[in-house]
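>>> coords please:
(chains A and B)
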Amino acid sequence: MSVLKATNVNVSYRRPDGVLAPAVIDAAFELAPGGSLGLVGESGSGKSTLARALMGYCRPGGVITSGEILIEGRDIRQMAAAEMKQLRGGKVAFVPQNPLSSLTPHLRVGSQVAEAVRVQRGCGRQEARDVALSLFGLTNLPEPQAIYERYPHELSGGQRQRVVIAAALAGNPKLMILDEPTTALDKTTEIQVLELVRDLRKRLDTALIYVSHDLNVVSEMCDRVLVMLRGAVVEQGPTARVYRQPEQEYTRNLIAAVPRIDREPVGVMAPSSAPPLLTVENLGFHYPGRGGWFTRSVATRAALEGVSFAIAPGETLGLVGESGSGKSTAAAIVSGLLAPGTGTLRFAGQELAGTARARTQDQRRRIQIVFQDPLSSLNPRHRIEAILARPLALFRGISGAAARARSLELFEQLQLEPRLLDYYPRQLSGGQQQRVAIARAFAAEPDLVICDEVTSALDVSVQAQVLALLKQIQQRSGTACLFISHDLGVIRQVAGRVVVLRDGKVREAGNTQGVFRNPTDAYTRLLIDAASRGYGNLPDLAPT
Amino acid sequence: MALRIDAFALRKPAAILGLALVTIHLALALFSPWFAPYDPTALVGGRAEAPGEFLLGTDVLGRDYLSRLLYGGRMALMVTFTGVVAAVSVGSLLGIAAAYFGGLLDDIVMRICDIKLALPGILFISLFITGFGESLPVLIALIGLVYFPGVIRIVRAQAITQVGLGYVKAAQLRGEPPASIIAREILPNTLDVVYVEFAIRMSHAVLLLSTMSYLGLGLSPPTPDWGLMVAEGVGQLSFAPWLVLFPAVFISTLVVGLNFAAEALANALGMDAARGYVGGV
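Now for the predicted structure:
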């Protein structure tokens, strides 16, 4: 008998006006004991909604309208409340994306896991404590005794996710549902957590449902994969088969859109020997410690230390690193949001002042920035036309009909429909918003555009499109780019040269192809290994 | 600038009742010179006549009660409206400025709020009135002073969430002056909070002004004022209860109406009214 059998499951959300909007349409699949299934699709495709529905749960406003969900032969939609309670966290365990929100902040993590053990196994306090400690051992948490006494905020992201996984194991689950469990983690931490989940599955013979937007991870973790598009299951089968011979154009595009470090990039400018446009020398920065009137401020670790790099006109320099590496601090300093602590910036042969207000209007025009979160970078109260009109008026001195014409030109280059000019930011999709943010930067006709994780909030397929358009408009205008990303695959596709940062220091720098083929630094090698995992199953399909 | 207004929220019974009450009161106050049958300060009848010949009777001196009630609302709304507009404008600007500039300005502004919060309301009001006397400008200034710290706290909290956002950073990088960033980027995104603040403070202020007049700290006779009329009527409660009842009904319908309208406005703007508008003196 299969662990899970879903037949024609339908889930809808009630909109404010009372109409039911379908989120999952006729989903049907089966999962054998100990099997593993990946749910993939773009955001809004219904994969998370389906995963939750498998435990009989919906987000507020959601309702399972029809279908049969059999867990070991029992239909969860027929279960009484008590039986359902026993099922969740018992036979079926769930691990969400954000571990911090699933741990109570004011309780020690040990007692939280012990409580789950007591509820699920009906044992005494002392025994529950012992079981919790052994679960911490099982999930490879260092020094289980010490971790037991900690509060959630005292743990790292990876440790928190291990604690949540330990709690999920409290009821000896037959099925574990993981919803993007590593999306909030760094790549190197992600690898460790994935390693752990795989190892646990083998040892405990648990079936796995893994929801992810990351096709690499799914190819590594799951034997079977189910592809969703706007609530419908468009394709399912063995992972290797689906990835190698996708039946649907949609699946094929998803695979082709994955940025890979082993794919030869198209149209990346070769490193040039021209005199650099921007030179950053010996940059250092400390965030000021937080202190009040009566408390002494505490010095913090350097966010940047001795960082130097240069960008030639028209080229793209990739700045790569994990969270806390200082890459966004570097972006803030070059753009003029933060004044450097030590070191010098030179731009087009001239000394560059620390903050934007101290720079000349012409320098401000020539350096533009695009932020990570597209929605919050556009003022929700202004129409798109007004958002683009501002830099056009300030930097190019054009307004009225001329400004609208120039905006339309930018829109055409970024493949945005002209009617969107009259919309408000919230009426646009994430990809459209980010293209507007790019248009705003290029409206100033800059020499250098700083791109700070510009695609990390977007779906892979949208990311591919935005990157292609960015590359196009950049080359047409001959603009240089400082491209900051944690994703090596993306860096490989856009940057001719790369600088690898860790803990505020440069670990390695050079030609992207060279660095990615033969890294000399151990940390760089670790990053590259982490990025290329899962390629075994994931073919390098040419983008269409 | 488009505020998103949810029309559904304005169709709830409480919202309709609130907006209707406020509209009626506004109309009565605005057109009281035309509606009022007599001069509110003229002696036109016998002392404390029961409703009948005079629609709502006369007061203890023989003045027409309906006329006094109508003119009383005009006075109450004029004083509270001017005072609250001052409190909300000054409070919003200081709140946004404190959020945007941070540092010393933020410290100073917030300490001023703390001082105001630490002072018992009634004590502050009596000291102020004793010091400056009971005149119309003093009362308006007092209402402004009582409410602006609360507005600062709420608006600052809303503005501070925007200071780190991309569109504010982008404006800074364009080299825009702070005044332009505040006016173009931050203020439009706090307007919903500002409007609701205004509506809520209005209802508090009407009640506060009546309370002050009742206690003899507000407007002085012979000015028609609801709180004053309640105070004058209390002695006659046993044989002329309408002298207290009518002004009480006028005060409570206006306050209830303003409260419901404020809540409807908050809902329509997608805000959570329960998010803790700690009002009062």
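>>> Which residues of chain A lie near chain B?
Proximity of chain A to chain B (CB under 8 Å from any CB of the partner chain) is limited to residues A:16-17, A:293, A:335-337, A:356-357, A:359, A:361, A:364, A:368-369, A:371, A:373, A:376-382, A:390-391, A:394-395, A:424, A:437, A:440. C-beta here means a position set from N, CA and C on the backbone, and glycine is covered the same way.
>>> can we see that at 6 Å?
By CB under 6 Å from any CB of the partner chain, the residues of chain A that approach chain B are A:335-337, A:356, A:364, A:371, A:376-379, A:381, A:394.
>>> Narrow those residues to those in helices?
Using DSSP state H, A:335, A:364 are the members of the residues of chain A next to chain B that sit in helices.
>>> Dump the residues of chain A next to chain B to CSV, plus pLDDT.
Listed next are these as CSV, based on pLDDT from 0 to 100:
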residue, pLDDT
A:S335, 93
A:G336, 91
A:L337, 91
A:A356, 88
A:R364, 93
A:F371, 93
A:S376, 89
A:S377, 92
A:L378, 93
A:N379, 91
A:R381, 86
A:L394, 92
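>>> Burial check on the closest residue to B:M212 other than its chain neighbours, number of neighbours?
Excluding its sequence neighbours, the residue lying closest to B:M212 (CB to CB, 6 or more residues apart in numbering or on different chains) is B:G218, at 3.7 Å. By other CB atoms under 10 Å in any protein chain shown, 25 other residues sit near B:G218.
>>> ok, now how distant is B:I125 from A:Q245?
Note on B:I125: its distance to A:Q245, by CB to CB, to the nearest Å, is 81 Å.
>>> So if I had to pick from the two, which one is more boxed in?
Ranked by neighbour count (other CB under 10 Å), B:I125 and A:Q245 place B:I125 first, with 23 against 11.
>>> mind listing what's buried in the strand or helix carrying the more buried one?
Using DSSP states H and E, B:I125 maps to helix B:121-132. For helix B:121-132, the buried set under the neighbour-count rule, 16 or more other CB atoms under 10 Å in any protein chain shown, comprises B:125, B:128-129.
>>> Check stretch A:240-253 too.
A:240, A:242-243, A:246, A:250-253.
>>> Now tabulate those in a markdown table and tack on pLDDT.
Listed next are the buried residues of stretch A:240-253 as a markdown table, based on pLDDT from 0 to 100:
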| residue | pLDDT |
| --- | --- |
| A:A240 | 87 |
| A:V242 | 89 |
| A:Y243 | 88 |
| A:P246 | 88 |
| A:Y250 | 89 |
| A:T251 | 89 |
| A:R252 | 88 |
| A:N253 | 87 |
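>>> Next one: the residue nearest to B:M212 from chain A, what distance?
According to CB to the nearest CB, to the nearest Å, B:G218 and chain A sit 39 Å apart.
>>> quick one: which helix or strand includes the closest residue to B:L17 other than its chain neighbours?
Once flanking residues are discounted, B:L17 sits nearest to B:F260: 5.8 Å by CB to CB, 6+ apart. Here B:F260 sits within helix B:242-268, counting by DSSP H and E.
>>> where in the chain is pLDDT low?
I went with chain A, as the question did not name one. A:16, A:271, A:289-300, A:534, A:536, A:542-544 (pLDDT under 70).
>>> Can you look at chain B instead?
Scanning chain B for pLDDT under 70 picks out B:1-9, B:48-49, B:55, B:270-281.
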